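**Student:** okay, sequence plus prediction incoming.
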Amino acid sequence: MWKRATATLKSSLSLHITNEGSKYNAFHCHRFISGSPLHFQEMNGICPKHVDSVITFVLGPGSGKGTQCARIVETFGFKHLSAGDLLRKEVVSATEYGTMILDTIREGKIVPSAVTVKLILREMESSDNHKFLIDGFPRSEENRIAFERITGSEPDFVLFFDCPEEEMVKRVLSRNQGRIDDNIDTIKKRLKVFEALNLPVVDHYERRGKLHRINAVGTEDEIFEQVRPVFAACEQTAA
Ligand SMILES: Nc1ncnc2c1ncn2[C@@H]1O[C@H](COP(=O)(O)OP(=O)(O)O)[C@@H](O)[C@H]1O
Ligand SMILES: O=c1ccn([C@@H]2O[C@H](COP(=O)(O)OP(=O)(O)O)[C@@H](O)[C@H]2O)c(=O)[nH]1
Ligand SMILES: [Mg+2]
């Protein structure tokens, strides 16, 4: 299972990102992000299927998923890509999207797929790893469809950290990382967005048989003991 869908990740991503104009329809943003000339194109399903990358989505806002991703990296050697961290980096670097991203995060809304997918793909492209944990993305069906269309592939599996609202609020309010969205007003908005837009993604992957629902309540160790077998099973399949 490790060796799946992405033979030409690097070459196809370069194609997605650099072919300007030409036969492809332009995606929404022909812009520079963090100073790189990444001209993003919608591929209308014509991109080659990625064949040897492992892609895992990790979902569940404020659930401790970032904490568990660090354990997965340590134990199973994945490359961790937090969509939220990539977006916050754009804000700090004050790129042309910085203000829009900051406003969107403050409102607990979702940054347009064109921006987020571009940031994720750029990180994937520059990594030598072929096993990716994509944390906090996709946050909407629109995000999911954009990613799947552009990469030409679906994730191998999806982890959903299922956390009761009350626990999520408690964790986020005590996170203490100075995040602009870790306040009760934004958290309420994020919870609404979660129900309206994130949950349909969870449901989609459940229907596809790709979802691993993890009970996010417990100690970090207890939760990792639910996560471990998911990755161990995939490693075995690959051996
Ligand atoms: N199992 C756990 N029990 C209690 N608190 C936790 C647990 N896992 C993580 N946390 C804490 O909850 C907060 C949110 O965790 P984080 O990993 O940032 O979540 P996410 O990436 O899902 O928003 C952090 O302060 C973290 O230390
Ligand atoms: O694909 C993404 C990931 C994050 N965000 C924004 O960034 C915020 C923080 O996301 P992150 O995943 O860091 O937060 P977490 O859910 O882990 O607390 C979200 O509420 C969104 O406003 C987004 O728009 N698209
Ligand atoms: Mg996080």
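**Tutor:** That came through fine. Ligands and ions are numbered 1, 2, ... in the order given.
**Student:** which parts of the helix or strand encompassing A146 are buried?
**Tutor:** Counting by DSSP states H and E, the element that carries A146 is helix 141-151. Buried residues in helix 141-151, counted by 16 or more other CB atoms under 10 Å: N143, R144, A146, F147, R149, I150, T151. Placement of C-beta: from N, CA and C, glycine included.
**Student:** the fourth one reaches R139, doesn't it?
**Tutor:** In this case it means F147. No - F147 lies out of contact with R139 (CB atoms under 8 Å); the separation is 10.8 Å.
**Student:** gap between the helix holding A146 and the chain center?
**Tutor:** Averaged C-alpha coordinates place helix 141-151 at 11 Å from its chain's average position (CA atoms, centre = their mean, to the nearest Å).
**Student:** how about the residues of this structure by ligand 1?
**Tutor:** Proximity of the chain to ligand 1, by CB under 6 Å from any ligand atom, involves residues 60-67, 171, 174-175, 218-220, 223.
**Student:** show me where pLDDT drops low in the protein?
**Tutor:** 1-51 (pLDDT under 70).
**Student:** contacting residues around the residue nearest to the spatial centre of it?
**Tutor:** Compute the mean C-alpha point of the chain, and by CA atoms, centre = their mean the closest residue is F137, 2.9 Å away. By CB atoms under 8 Å, 6 or more residues apart in numbering, the residues touching F137 are F57, A83, T116, I120, N143, F147.
**Student:** need the phi and psi values for it.
**Tutor:** Here the main-chain torsion angles of F137 (degrees, to the nearest 10) amount to phi -150, psi 140.
**Student:** how about stretch 124-138, which residues are buried there?
**Tutor:** Quick answer for stretch 124-138 (16+ other CB under 10 Å): M124, E125, H130, K131, F132, L133, I134, D135, G136, F137, P138.
**Student:** give me the subset of the buried residues of helix 141-151 touching ligand 2.
**Tutor:** Counting by CB under 6 Å from any ligand atom, the members of these near ligand 2 are N143.
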